[in-house]
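Trainee: okay, sequence plus prediction incoming.
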Amino acid sequence: MRWASLACLVAVGVSTAPATSLASVPTRLVYARAQSATECPDEPTLVSAVAARLGYDPFSPWGDQTILASVSRAGSNLRGRAELIDHDGITQGSREVTLSGVDCGELVLALSLAISITLDPLHSDAPPSERQPEPEPTTTADMPAATGPKPPQVEEPPTPSTRPSLSRDVAPHAHQLNTTTTWRANASALSAYALTPRFSWGARLGLEARRARWSLSFEGWAAPPAAWDVDGGGQLSASLWAGSLAPCFELLSGVRLCAVGSLGSLHTGSQGVATSRSERVLHATAGGRASFSWPLGRRFELLATADVAAVLNRPEFQLDGAAVWRPSPLLATLGIGATALFF
């Protein structure tokens, strides 16, 4: 009877929801537990509960829409929330589950029911172990059939209960921008062309904030010293430390175009000449990036990037009074790495 009552409450909560099924739309799940609810079941448990109700796993890291699920605690009250976000970052609806005086396992089961109805209202059902058999009508051969008018049926008023209450607090047609921001860390190995006369290798670390189709990356990257021979004898070496800012827009799932600006320090040094010299100069670039990502599970992505930037300052370097090198007007880098969702 417990889950029968819960199903009725959920049915009331979704009575205004559209009857069309969203099961055919690939869906990503983002699940968060507040600090006050760390004892609640983890994401695989929620996924398994939803799959048990629907009879299939509706979630995919390549999802075109997203379910944002969260659980929190305030005193003895447990609260779960599920929000549906479409590809454009627009909230299509949300549901809340509130429990009092129970453990968090029941909250996650109730939340799985709300998510199941959101994704596939025509196929969501309680797991077989929770279904109650319906009583079959019984007949007695020696009992005469009742005649005459039937007495009116009186419905008993509902009694107060602390069982889950679900509410739909956002209409399905409310076009609101998604205010949820996710944070990712990324790391890549780089190959740089035209930073020096030879190919240069380096590494990049970054922190990325994503919301809807937009993202913003704060990055630091470095290329260790690379040396080459110069005309007239001797060698020149160069290394770079720089920071970058990259706002991006997602054109397609996993495909982003970015504007990239960087500012850093180019360090050069000479060897094998009469007068050795070492100096640091400002290095500034502005350009663009194409970024491609492929999901690796629910929290990780494989990342590939291609950058082309104009070098904004190009000082001339000299050895023994003779000009030997000047940075190229264009700088190209290729990167391969990974990102990790942490919040």
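Mentor: Great, that's in hand. Numbering: from 1, shown residues only.

Trainee: can you give me the strands in the stretch 151-300 of the chain?
Mentor: Remark: strands assigned in the stretch 151-300 of the chain by DSSP state E, counting those that start in this stretch are 165-170, 182-193, 200-211, 214-229, 235-252, 255-271, 278-296, 300-311.

Trainee: let me fix that: the stretch 1-150 of the chain
Mentor: Secondary structure of the stretch 1-150 of the chain, counting by DSSP E, counting those that start in this stretch: strands at 27-33, 65-74, 77-85, 91-100.

Trainee: can you add distance to residue 185 and give these back as CSV?
Mentor: For glycine as for every other residue, the C-beta is placed from the backbone atoms N, C-alpha and C. Listed next are the strands of the stretch 1-150 of the chain as CSV, based on distance: least, CB to CB, whole Å:
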stretch, distance to residue 185
strand 27-33, 16
strand 65-74, 20
strand 77-85, 22
strand 91-100, 27
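
Trainee: between those, which one is closest to residue 190.
Mentor: For residue 190, the closest of those is strand 27-33, at 28.8 Å, according to CB to CB.

Trainee: remind me which residues of this structure are low pLDDT?
Mentor: Residue ranges of the chain with pLDDT under 70: 1-24, 122-179.

Trainee: how about a cut-off of 50?
Mentor: 1-21, 131-178 (pLDDT under 50).

Trainee: longest helix anywhere in it?
Mentor: Secondary structure of the chain per DSSP state H: the longest helix is helix 104-119.

Trainee: elements contacting that helix?
Mentor: helix 2-13, helix 43-54, strand 65-74, strand 77-85, strand 91-100 (3 or more CB pairs under 8 Å, 6 or more residues apart in numbering; DSSP states H and E).

Trainee: run the last query once more with 6 Å
Mentor: Helix 104-119 sits against helix 43-54, strand 77-85, strand 91-100, with contacts defined as 3 or more CB pairs under 6 Å, 6 or more residues apart in numbering; DSSP states H and E.

Trainee: that one: which residues count as buried?
Mentor: Residues of helix 104-119 classed as buried: 104, 106-119 (neighbour count, 16 or more other CB atoms under 10 Å).

Trainee: one more: stretch 41-59?
Mentor: Applying a neighbour-count criterion of 16+ other CB under 10 Å, one finds 41, 43, 46, 47, 49, 50, 51, 52, 53, 54, 58, 59 buried in stretch 41-59.

Trainee: so which of the residues you listed would you say is closest to residue 240?
Mentor: With CB to CB as the yardstick, the closest approach to residue 240 among the buried residues of stretch 41-59 comes from residue 43, at 40.2 Å.
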